[in-house]
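Enquirer: Starting from these lines, generate the structure:
(one chain, ligands or ions: 1)
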Amino acid sequence: MPDRRHLLLLGGGHAHLEVLRQFGANPLPGWRVTLLTREAQSPYSGMLPGVMAGLYRPVQALVDMAALTARCGVALVLDRATGIDPARRLVRRASGEDIAWDLLSIDTGATPDMRTPGAAAHALPLKPIDALLPRLGRLADSRSLAVVGGGAAGFEVALALRWQAAVTLVTGAAGLLPGFPPRLRQRAADALARREVTLRQGEDVVEVTPGTLHFAAAPPLQAEALVWATGAAAAPWLAETGLARDARGFLRVDACLRTEGQAQIFAAGDVASFPGGLPKAGVFAVRQGPVLAANLRAVAAGEAPRPFAPQRDYLRLLSLADGSALGTRNGLVFAGRWVWWLKDRIDRRFMARYQR
Ligand SMILES: Cc1cc2nc3c(=O)[nH]c(=O)nc-3n(C[C@H](O)[C@H](O)[C@H](O)COP(=O)(O)OP(=O)(O)OC[C@H]3O[C@@H](n4cnc5c(N)ncnc54)[C@H](O)[C@@H]3O)c2cc1C
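Expert: This is a model prediction of the structure:
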């Protein structure tokens, strides 16, 4: 049999789940496909606050990558990528062995932004989620918790953890749920107050010491456990790849998800910096999945890829961790048990596509 060319999928993120599924249903003729990823169980972060609140078992929020790749006829390598050599078409691995590829697709997500002094040493980040899940038990033993980060993840996690401890949500200068409509932000603040989550807004954390958050002017805040849920940062190893990056270090892609100047390297999800900018949200990684699959197939066949057209507005749903949720779309704001029902249904349907 003539040597088949090699497509390497780097990272088991949301976009690659769909690429795997599509290549499983309709294999790429003349190509072998490998997934190189760090985690044997790929987490779906949309359900993680539900796991923390006890609404889901952890297994419901995880995709078994060995089972998925086996079903899709894709080889699986569990390892951490540490570098990419675009000229020699190699990916470097923590184990020391390189993997050669003819076509590369990167969906490795983002890392927590832990540049605040002391944060990395004394606070628990939400990612990587595989490292977080075994530590949830320790959080459950804490009587007081501070969650740092006023975005969707911090808001949902603060509410999920309030069943276990007295929780303070620290949003910093950006406030609660920046980028969301004012009416939703107000309802979210009311929801926190009704559920006895203390909201501390206005000043960024400037330093973290064991059990204490420090601010420039405001008094320090003490808690038995500190959870770090601030914005996404680019993985430092991307800097060594020589690939084009934006000011924050994410890989610049064109509208077809090709990395700038590299026709054989694609990137999608949080790791990619899309023209005009996109929020670092799983919904975009999910939406890019089918376009990425089609474009990898096209380029493998020597055809032209097609652009990804992001939606202007999208449905955003926030769990209140008690069987109700808040939502917004096109400026409308809604809340209630039916919103949780909708979120639960969307999340379960997503997972059912990739779990057996
Ligand atoms: C608690 C929480 C709740 C969230 N809720 C929502 C929500 O409700 N809606 C929403 O839109 N967004 C949500 N987000 C944001 C969402 O998680 C991310 O935007 C989304 O996961 C990005 O998907 P991705 O495909 O880019 O990468 P990821 O899902 O981060 O996956 C990256 C994968 O690559 C692997 N990987 C990483 N680095 C390497 C490496 N060097 N070598 C090999 N493998 C590697 C990882 O193990 C992982 O499997 C939430 C985030 C958190 C933390």
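
Enquirer: C-alpha from now on. contacts and neighbour counts both.
Expert: Will do.

Enquirer: Output the set of residues of the chain in proximity to the ligand.
Expert: 11-15, 36-39, 42, 45-46, 48-49, 79-82, 107-110, 126-127, 153, 269-271, 280-283, 285 (Cα under 6 Å from any ligand atom).

Enquirer: Would you mind measuring the gap between the ends of stretch 265-274?
Expert: Terminal residues of stretch 265-274 lie 14 Å apart, using Cα to Cα, to the nearest Å.

Enquirer: which residues touch it?
Expert: 13-15, 103-110, 234, 245-246, 250-255, 257-259, 280-282, 284-286, 288-289, 292 (Cα atoms under 8 Å, 6 or more residues apart in numbering).

Enquirer: One more: stretch 239-248?
Expert: By Cα under 8 Å, 6+ apart, stretch 239-248 touches 83-86, 233-234, 249, 251-252, 259-261, 273.

Enquirer: Any idea how many residues pack against residue 49?
Expert: 25 (other Cα atoms under 10 Å).

Enquirer: Which secondary structure element is home to it?
Expert: helix 48-52 (DSSP states H and E).

Enquirer: For the next helix or strand after that helix, report the contacting residues that lie outside it.
Expert: Using DSSP H and E, the helix or strand that follows helix 48-52 in sequence is strand 62-64. With contacts defined as Cα under 8 Å, 6+ apart, strand 62-64 is touched by 40-44, 351, 354-355.

Enquirer: Starting from strand 62-64, tell me the next helix or strand along the chain.
Expert: Downstream of strand 62-64, the first helix or strand assigned by DSSP H and E is helix 65-72.

Enquirer: Could you pull up the mean pLDDT of that next one?
Expert: Helix 65-72 comes out with an average pLDDT of 97.

Enquirer: Not counting its own residues, what contacts that helix?
Expert: 12, 20-21, 23-25, 35, 39-42, 75-76, 354-356.

Enquirer: Out of the residues you listed, which two sit at the greatest distance?
Expert: Based on Cα to Cα, the longest span within those runs between 25 and 39 and measures 23.3 Å.

Enquirer: Going by how many neighbours each has, rank the two and give me the top one.
Expert: residue 39 (21 against 12).

Enquirer: Need phi/psi at that one.
Expert: phi -110, psi 130 (degrees, to the nearest 10).

Enquirer: ChimeraX command for the buried members of the contacts of stretch 239-248?
Expert: This is the ChimeraX syntax for the buried subset of these, where burial follows 16 or more other Cα atoms under 10 Å:
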select :83,84,86,233,234,249,251,252,259,260,273
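
Enquirer: Dump the contacts of stretch 239-248 to TSV, plus secondary structure and pLDDT.
Expert: As requested, the contacts of stretch 239-248 are exported to TSV (DSSP: H, G, I helix; E, B strand; the rest coil; pLDDT from 0 to 100):
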residue	secondary structure	pLDDT
83	strand	97
84	strand	97
85	strand	97
86	coil	97
233	strand	94
234	coil	96
249	coil	97
251	strand	98
252	strand	98
259	strand	98
260	coil	96
261	coil	94
273	strand	98
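
Enquirer: Could you identify the most distant pair in the contacts of strand 62-64?
Expert: 40 and 351 (15.7 Å).

Enquirer: So among the contacts of stretch 265-274, which ones count as buried?
Expert: With neighbours counted by 16+ other Cα under 10 Å, the contacts of stretch 265-274 contain buried members at 13-15, 103-110, 234, 245, 250-255, 257-259, 280, 282, 284-286, 288-289, 292.

Enquirer: start to end distance for stretch 158-165?
Expert: 10 Å.

Enquirer: what's in contact with that stretch?
Expert: 49-50, 52-53, 140-145, 147, 167-169, 192, 195-197, 320-321.

Enquirer: Quick one: the strands in the stretch 151-300 of the chain, in order.
Expert: 166-172, 198-201, 205-209, 212-215, 221-222, 225-228, 232-233, 251-252, 265-267, 272-273 (DSSP state E, counting those that start in this stretch).

Enquirer: Switch those over to CSV; also include distance to residue 120.
Expert: Putting those into CSV (distance: least, Cα to Cα, whole Å) gives the following:
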stretch, distance to residue 120
strand 166-172, 17
strand 198-201, 21
strand 205-209, 9
strand 212-215, 13
strand 221-222, 17
strand 225-228, 9
strand 232-233, 13
strand 251-252, 24
strand 265-267, 27
strand 272-273, 24
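
Enquirer: of all the ones you listed, which gets the most neighbours per residue?
Expert: Of all the strands of the stretch 151-300 of the chain, strand 272-273 carries the top mean neighbour count, a mean of 28, counting by mean count of other Cα atoms under 10 Å.

Enquirer: May I have the beta-bridge partners of the nearest residue to residue 222 once chain neighbours are set aside?
Expert: Among residues not flanking residue 222 along the chain, residue 212 sits closest, at 4.4 Å (Cα to Cα, 6 or more residues apart in numbering). Applying DSSP bridges to residue 212 gives these bridge partners: residue 209, residue 222.
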